[in-house]
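# could you work out the structure for the sequence below:
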Amino acid sequence: MALPEDFTKRIRHIFLHQRPHVSIMTAATLLGWPQARMRAAIAAGEIETNVTPFATWVWREELMAKAIELWPLDAIEEALGE
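Reported below is the predicted structural model:
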């Protein structure tokens, strides 16, 4: 099955990105959520954040866990490739 290029790029970024965290805005984009949905998920405790003096971050592990909840594992594996 051919996945949309945007989906593949987002999955690859979530699972293969070198940095341990992303901004809240980037996390929302990667999950395909509007900002309001991300804020609601954070408020509800669905997504945990880490606040530093510089910014509020979403750890990659949080994104990976949410991606596995949202999308079928075979689609994630296909997006990641070998």
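# where does residue 15 sit: helix, strand or coil?
Secondary structure state of residue 15, per DSSP: H, G, I helix; E, B strand; the rest coil, is helix.
# need the pLDDT of it.
On pLDDT, residue 15 comes in at 94.
# my read: it touches residue 80, true?
Yes. When contacts are counted by Cβ atoms under 8 Å, residue 15 is listed as touching residue 80 (5.9 Å). (C-beta placed from N, C-alpha, C; glycine too.)
# between those two, who's got more neighbours?
Neighbour count, other Cβ atoms under 10 Å: between residue 15 and residue 80, residue 15 has more, with 16 against 13.
# now stretch 67-80: mean pLDDT?
Stretch 67-80 comes out at a mean pLDDT of 91.
# now for the residue nearest to residue 14 when sequence neighbours are not counted: which residues touch it?
Spatial nearest neighbour of residue 14, chain neighbours left out: residue 63 (4.7 Å); criterion: Cβ to Cβ, 6 or more residues apart in numbering. Shown in contact with residue 63 (Cβ atoms under 8 Å, 6 or more residues apart in numbering): 14, 22, 27, 30-31.
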